[in-house]
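S.K.: A predicted structure for the sequence below; I have some questions about it.
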Amino acid sequence: MENDRDNHMIEGEIADYLLTDDGILISYSKSILRTVENISANVKLVKEITNHKKVPLLIYLKNSPVPDKETRKFSTEQLPQIYTAMAMVSKPGLAQLIMKILFKFQIPPIPMKSFTDDEKAREWLTKFL
């Protein structure tokens, strides 16, 4: 992130964010239970950060409690409203587990891919700028 010096970290309840100079939103996930309320607040925050423009998301995942069915459904519905694609960076297995939980009966609403290498994740996301 050598060119992102003018940008600053924006703190949120479920994640902290940094918008890179090339237009990729980086999310540092927090280990808290997601609810419809905090997902709603997070969607509002992301829209403020991106000026209501859909952007690719690079998310550094952390283990967190499994949200209820209503929250998972709501979260899935919100993704295409704010993101063009999502690259998930985590230890092996964590992203696959999250995808299984969120998208048990349907395909993801936006392109998603899991990585253990953040440089490869950023490279993949540049296709969605």
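M.R.: That came through, no problem.

S.K.: for Gln96, report the pLDDT, please.
M.R.: As predicted, Gln96 sits at a pLDDT of 77.

S.K.: equivalent analysis for Phe128, please.
M.R.: With respect to pLDDT, Phe128 scores 98.

S.K.: name the next helix or strand downstream of the helix or strand of the chain with the lowest mean pLDDT, please.
M.R.: Least confident helix or strand of the chain, by mean pLDDT, DSSP states H and E, is helix 94-102 with a mean of 78. Next in sequence after helix 94-102, counting helices and strands by DSSP states H and E, comes strand 112-115.

S.K.: and that next one, how far out from the chain's middle?
M.R.: A distance of 11 Å separates the centroid of the chain from that of strand 112-115, by Cα atoms, centre = their mean, to the nearest Å.

S.K.: which other residues reach that strand?
M.R.: Residues outside strand 112-115 that contact it (Cβ atoms under 8 Å, 6 or more residues apart in numbering) are 85-90, 95-96, 99, 121, 124. C-beta coordinates here come from the backbone N, C-alpha and C atoms, glycine included.

S.K.: could you give me the buried positions within it?
M.R.: 112, 114-115 (16 or more other Cβ atoms under 10 Å).

S.K.: give me the mean pLDDT for that strand.
M.R.: 91.

S.K.: so what are the sheet partners of it and their directions?
M.R.: Note on strand 112-115: by DSSP bridges, its sheet partners are strand 83-89 (parallel).

S.K.: and the partner strand with helix 94-102, angle?
M.R.: Between strand 83-89 and helix 94-102, the angle comes out at 130 degrees (axes from the mean of the first three to the mean of the last three Cα atoms, to 10 degrees).

S.K.: output strand 83-89 as PDB, restricted to C-alpha atoms.
M.R.: C-alpha atoms of strand 83-89 as PDB (Å, rounded to 0.1, in the frame of the first residue of the first chain):
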ATOM      1  CA  TYR A  83     -19.100  -4.200  -3.700                       C
ATOM      2  CA  THR A  84     -18.200  -5.300  -7.200                       C
ATOM      3  CA  ALA A  85     -16.200  -8.300  -5.900                       C
ATOM      4  CA  MET A  86     -14.700  -9.700  -2.700                       C
ATOM      5  CA  ALA A  87     -11.300 -11.200  -2.000                       C
ATOM      6  CA  MET A  88     -11.100 -12.900   1.400                       C
ATOM      7  CA  VAL A  89      -7.700 -13.300   3.000                       C
END
